[in-house]
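Enquirer: this one's structure only:
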């Protein structure tokens, strides 16, 4: 490490640093500043400045227990939204290579690879077999 790196490391030692709440505050402030520039609503600039101030206060704070508790509260409040977005991302990614069929008997969702033509699918829950087309063979 260089002398400069030691100084930065020493300065940030014992401080909160970037966490999820600080990161979202800074990104929100950036969005507010972009909206301010686009629509010339200067009252939003004050809101953006306040958000930046709060984020920087959190980043450089030495009250680690309080900042940790705030971040945990934020993570708990946004858990459902983050999980929903992640599941949506996985479904979109999976849609390119797999197809989802419902069992005609029990409505269980079954994931099969695309491009295999007509295949016999066996439901894992009710053990009924049915034939479905997964698309043309490549």
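Expert: That came through fine. From a predicted model like this one, the values you see are computed outputs, not experimental measurements.

Enquirer: What is the subsequent helix or strand relative to the helix-or-strand element of the chain with minimal mean pLDDT?
Expert: Here the helix or strand of the chain ranked lowest by mean pLDDT, DSSP states H and E is helix 3-12, holding a mean of 70. Remark: after helix 3-12, the chain's next helix or strand is helix 20-39, criterion DSSP states H and E.

Enquirer: who touches the helix or strand following that following helix?
Expert: Per DSSP H and E, the first helix or strand lying C-terminal to helix 20-39 is helix 43-60. With contact meaning Cβ atoms under 8 Å, 6 or more residues apart in numbering, helix 43-60 is reached by 15-19, 21-22, 25-26, 28-30, 32-33, 35-36, 67, 70. (Glycine included, C-beta is placed from N, CA and C.)

Enquirer: now do 6 Å
Expert: Identification of contacts with helix 43-60 by Cβ atoms under 6 Å, 6 or more residues apart in numbering yields 15-16, 22, 25-26, 28-29, 32-33, 35-36, 67.

Enquirer: Now for residue 86, how many residues are close by?
Expert: The local packing of residue 86 (other Cβ atoms under 10 Å) involves 10 other residues.

Enquirer: I meant residue 79, not that one.
Expert: When neighbours are defined as other Cβ under 10 Å, residue 79 has 10 of them.

Enquirer: Equivalent analysis for residue 103, please.
Expert: 19.

Enquirer: ok, it touching residue 124?
Expert: No - Residue 103 lies out of contact with residue 124 (Cβ atoms under 6 Å); the separation is 8.9 Å.
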